[in-house]
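**Q** Predicted model follows, preceded by the sequence.
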Amino acid sequence: MKRITLFASLALASCLTVNAQRTPTHPLDIQDAKFENLPNYLEAWLKGEMKQPQGVSEIDDQFFISRVRPLERIKDGDYQVRQGVKRDRKMCLWTPLDDPTAQWKALPRYCFEGDNFSLWSYIDIHGNWTSPWIRSTAGLTDIAHKNGVTVGCVMSIPYGNTVYPSRWSYDNYGRILYQLTQKKNDKFVYAEPLVRMMKFYGINGIGFNSEFHTSSSVMTLLSDFFVACHKEAEKLNWKFEVHWYDGTGDDGRIHFDGGLGNHNKKIFGNKDNIATDMLFANYNWGPSHLRGSVSTAQSLGRSSFDYYAGFDIQGRGLRQASWSALLDNDISIGFWGAHKQSLIHQSATDNGTSDIAIQKTYLKKQELMFSGGYNNPGLLPAINTDCNLANASLKSFHGLATFLTAKSTIQQVPFVSRFNLGNGLSFRKDGKVTFNHKWYNLNTQDYMPTWRWWITDGADQVNTGNINSLAKAELTFDDAYWGGSCLAISGQTDFSRVKLFKTMLEVKPDYEFSVTYKTIAGKDSHAKFFVALKDHVTEYKEVALPAVEAVGEWKTFSVKASDLGLAAGDKVAMMGLVVENTPANYELRVGEMALRDNAKDFATVAPTIKKVEILRGRYNACDFKMQYASKEESGWEKTYNDEVGTWYYEIYFQQKDQPVQLLTATTSWAAYVVDAPMVSGADKRDCRFGVRAVSPDGKKGSDIVWSEYKKVEYNQPLSDVVADRPVIKPNEEFTLKYLDDMVPAAQSWKLKNAVTGAVVAQGESGTSAKFTVPTEGTYDLVVMDSNGKESIIRGKVKVTPEATGAVPQITDITADKTTEVTGKNVTYTYEGRLGEGKASRGLEITDPKMFRIPGDVQQGKSYSYALWFKADKFSHDSQGTNLINKNSIHDKWPHNNWGDLWVTIRPQWQGHRTKHEANEISFNTMGWTAHDNPYEEVMSTGYNVTPGVWNHIVVTQDDGNMQKIYFNGRKVADHSFTESKRREDVVRTDGRIDISQVADIFIGGGGVYKSGFNGVIDEVQVWNRPLTDDEVLQAMKGYKEGEVPADLKAYFTFEEVDGLKFKNLGTAGRNYDGSVVVVAGSGGENTSGASYVDQKPNNDVLGFPGVVGTYEIKTVPTWTLGDGQISSSADKTAVVTYAAPGKKNVTLKLKNGWGEAEKTVEEIVEITSEANAIDAVDAQLGFSVYPNPFVESVNLRFADNGRYTINVLGTTGALLQSNSFEAAQGQVVNVAITGAKGMYLVQVLKNGKVYKTVKVVKK
């Protein structure tokens, strides 16, 4: 494990601890409307007073206004992968597109992880479960409309509520429905303004969680209102929809699982009076329900595809005994699940809970779910009625493509896709990183490949016999030409046809197709671009992609339509790539595929900047929002981007006298940026903000439009503190300083004993402080800032034994002489501390890995669990990060996720009594059922974990259910939880527990709502009783083998690996060895098909520095000597000879496992030449140089055979060039000297030894 002591490196490490996660760490600076205020702003629409909802600024409202015109899907000439699939069957995702807090929706943000759903081609409605009436973020509406998908919002009425429209209603639902259904002259007053408002924002559907009670008259009123809205929508040319959960029927009572029949046909409506567009069946339907629903729909003159067979993917996954019945009945499909996040996204933790692991797994999960277990809609498994959401299970899923055809809106030129999913690890343009920051903005998502992935062989077939010989296609975040991702095609194949896009593009001969690509291994692309025409989709017109000039560099190949044999009026129905004869290490990355009319002028309008809001200014970055407009709007007017010749907007930033930076892009008329990079300095705060409209071809566009320079106030000082070394020894001086180099001086710096709270050292006021501490131990840093506010970093300083090693120190470097001649020895000696020793080994835990201890090593409710841990970073899910768990995958939900006990590092949380800062630790046991929240009485309140800092944790419980937490030796929680239980206590009453299986103990590992731990652990202990306060302090120091207390049943120091196991040094013995495992085959709440799989552990890392172990801290010196050569070295000396005269500098670096030290002494010795060693040009000595002086080169003549090295040195002895060769007797060698005019030294080495040095002059 590498350790660096430089402040700059520590500052970088500190920055890296702030990692992207499912919910951004930065504030949500975009305000949305509140559901209860809907009547107020609806009233404004009725009166023609166009304004934002109450509490929403004009700039914030822009993030909710869709600027992408809804596109129609291809109808004429459409084709499908599989014959017999009903074209008219529809699919609704009635799921959230949101984060765990249900706050961010599809708003832009600056973390990587986010729901970037991309298989729009298979769905028709996105019900957007967490979006209230009447709001939806433009991030979702823009990309949905681009793909021909309608978007809804939901009135989420709780189950069993009684709802009556009334201005005096006790809840918002009744009051809002009362206003909406008001009539004047027998006409619904609000029907037209409601639809008009929905069109303005780009929302199609209003949804109801309709499992409430009301009356038949209210249901008639609602049905009539929905019919009126549909008729108003026709006048406004807007697709309006009602999404109704099939619970509350026409009589106002709840009727689940009855199908479409007499009890709900009014709320459904007939062909002339459509009330509901998506009637979503509850989950217990079967063949008879479907048949009856088809019959009822036909009797009403409606399409039975407006009735949707519902799937509860939260509670049941994809388990449904009647899947096959959908083949026999014209019924659509709907997924629900769940209340905050889509379960498809939320469950994508199969391979860990890091952002990149979730994103990769989510992509695969979507593809398996829609395209089937072979990841190819051309080859689908048989119908499987027993699949859950785990990818391992989905590999046998039949795929929704069994019932649905993939649809496309690609029927306009230009067509461009850069395969950007709408988020990335950095932002790129033209293949270059322009903003090195994680980001998410769904409305930038490109057209995605239609089928994901329809790949066939040379005979245009795919079957079980050839599927494994075909190339693999995926979307990857490893690279991008634009945005954050690109297409990658890889693997060995004789022939694979990758069918990418369903299109209907009418071409002219001079239209130009283009592909931008790069190779990763070898220059040959092994690829062809192809198109197929309407009604001839198996007749391919192909052209080879040329080899690249350089591996790893983007290349664009273009071909005119005429060169592909296309004529005016031809309609391209398919585009894709063929790869053939590829090697095993083949990978082709595709950054763009396009069809353009290069002669077209889009008349792209340059936007006008309306407002810039600088939100926060830090020493090295700022956050801002910006509003702009490409057309002035008034009243109900709304302008689509295509009306002003625009595809998207690029957002720029420039600090005065610094380069222009492209930070992001968006389709909205407002932008939001966090962490725009700045150069630090109080005199460097003037910045300007820019926007550029990009044309639909992605190439042309407006110039950058800039704001005036504005001063970015420094108003967000950072309190991060870094140390000048990772380990500190007793009485060793060390420095702590603010990372922020603009922060005002702190009033005071203190170190307190972590156990007693006693002050052990104080520093002066300032931005840094120097300390020495005489006693080993753990210390909290307390800093009072310039405003008098104290901040505490728990365990920031560890003073550790000399025996575990230290950062090297160099106090002096001396030479044994001040002058010497060339070729003679000079001895250097250094003084300082080597810092060698024996440190403890730790165990590296990287999510999804976790350390597993056999659970039956500790039985009953009397115990202590303890360990040292150092977190590299936190990427909390909604409930935080797992530290310790005792549970079993063999139990059913929720016990498989929480189990006997769980110790969790929590995100910020508002408790009943206090606001808990992020990274406090909670301790819960079975019996606590409010899983979303911790038990506030058993939390490390005020004691939180800092990434990069070693901390010690002990949790204890006794038989009387008294629970305690010790943090770095100090008791921080002490409370009785009377309901505490174990699995064995409740197994007879709780059928969800499989008592035949043991609930093991785990350190790390993710779960549903919980991220996995990333970092290093050490000194893991499991006791069969609660420790006392004094015993906790002893446990922190560890135990020698053979001196382990009898009640310490499991003890792991990680000093030695035995195969894949770590020896249990505890008294329970080797039957309870520990191991590193991952959970395979898990996804979401169902773990019935999961298993634990052993992993190779990594204990070649430094553990807790306060414990002696077997990790050797060995210090290695590295000398930098110019032209000096070390002939020998020993202890703290080096014997050196120099070949050229001059004053010599020496640099020494000492490096070990804890860090490094470096020191330079300039002109430490002067080297002179021996008489006749220079300037002699004597053939009798076997060597001659001519001409001298010379112009470009010199000739060297050798009298003897030998292996020669010619070094050309500057007058200071610096090596400029070197050549080696074999020379025969009398041979003349010409050497060009490429430097400037002046004096040089030509040094000749024969057989590795200095043979001659000659001074030459270049004129």
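**A** Received it, and whenever you're ready, just let me know what you need. The structure displayed is predicted, hence computed values, not measured ones. Numbers count the residues shown, from 1 in each chain.
**Q** what's near enough to touch Ala357?
**A** 349, 351, 847-848 (Cβ atoms under 8 Å, 6 or more residues apart in numbering). Using the backbone N, CA and C atoms, a C-beta is placed for each residue, glycine as well.
**Q** And it, how far from Gln314?
**A** In this view, Ala357 and Gln314 are 21 Å apart by Cβ to Cβ, to the nearest Å.
**Q** Packing partners of the helix or strand encompassing Val1022?
**A** Using DSSP states H and E, Val1022 sits within strand 1015-1023. With contacts taken as 3 or more Cβ pairs under 8 Å, 6 or more residues apart in numbering; DSSP states H and E, strand 1015-1023 sits against strand 841-845, strand 850-853, strand 863-871, strand 1000-1004, helix 1029-1037, strand 1048-1052.
**Q** Now do Leu16, the pLDDT please.
**A** If you check Leu16, the pLDDT there is 31.
**Q** same check, this time on the one 5 residues further on
**A** In the predicted model, Gln21 carries a pLDDT score of 65.
**Q** who does Phe831 bridge with?
**A** Not quite, residue 831 is Glu, not Phe. Beta-bridge partners recorded for Glu831 (DSSP bridges): Asp812.
**Q** from what I can see Ala839 touches Ile1113, true?
**A** Yes. If you go by Cβ atoms under 8 Å, Ala839 and Ile1113 touch, sitting 5.6 Å apart.
**Q** wait, what's in contact with the closest residue to Pro53 other than its chain neighbours?
**A** The shortest distance from Pro53 to any non-neighbouring residue, by Cβ to Cβ, 6 or more residues apart in numbering, is to Ala33 (3.4 Å). Ala33 sits next to 41, 52-56, 135 when contact means Cβ under 8 Å, 6+ apart.
**Q** picking that back up, direction-wise, compare the strand holding Val1022 with helix 1029-1037 and give the angle.
**A** Per axes from the mean of the first three to the mean of the last three Cα atoms, to 10 degrees, the angle that strand 1015-1023 makes with helix 1029-1037 is 140 degrees.
**Q** ok, Pro106 - contacts?
**A** Residue 106: Ala, not Pro. By Cβ under 8 Å, 6+ apart, the neighbours of Ala106 are 97, 114-115, 137-140, 143, 442-443.
**Q** CA atoms only: put stretch 47-62 into CSV for me.
**A** Only the C-alpha atoms of stretch 47-62 are listed here, as CSV (Å, rounded to 0.1, in the frame of the first residue of the first chain):
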residue,chain,number,x,y,z
LYS,A,47,-57.1,33.4,-15.4
GLY,A,48,-54.4,33.5,-18.1
GLU,A,49,-51.9,34.7,-15.5
MET,A,50,-49.0,32.6,-16.7
LYS,A,51,-46.6,32.3,-13.8
GLN,A,52,-44.5,29.7,-12.0
PRO,A,53,-46.0,27.6,-9.2
GLN,A,54,-45.9,29.1,-5.7
GLY,A,55,-42.4,29.0,-4.3
VAL,A,56,-40.7,28.2,-7.6
SER,A,57,-38.4,30.8,-9.3
GLU,A,58,-38.5,31.4,-13.0
ILE,A,59,-35.0,29.9,-13.4
ASP,A,60,-36.0,26.8,-11.4
ASP,A,61,-39.2,26.3,-13.4
GLN,A,62,-37.1,25.9,-16.5
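**Q** and it, which residues are buried?
**A** Residues of stretch 47-62 classed as buried: 50, 52-53, 56, 59-62 (neighbour count, 16 or more other Cβ atoms under 10 Å).
**Q** Which ones among the residues you listed lie within strands?
**A** Under the assignment DSSP state E, these contribute nothing to strands.
**Q** least confident pick among these?
**A** Least confident entry in the buried residues of stretch 47-62, by pLDDT: Met50, with 73.
**Q** residue contacts, that residue?
**A** 44, 634-636.
**Q** Tell me the spacing between it and Val782.
**A** Taken as Cβ to Cβ, the span from Met50 to Val782 is 54 Å.
**Q** next one: Lys235
**A** Computed with Cβ to Cβ, the distance linking Lys235 and Val782 is 68 Å.
**Q** And the two? Which one has more around it.
**A** More crowded of Lys235 and Val782, by other Cβ atoms under 10 Å: Val782, with 19 against 10.
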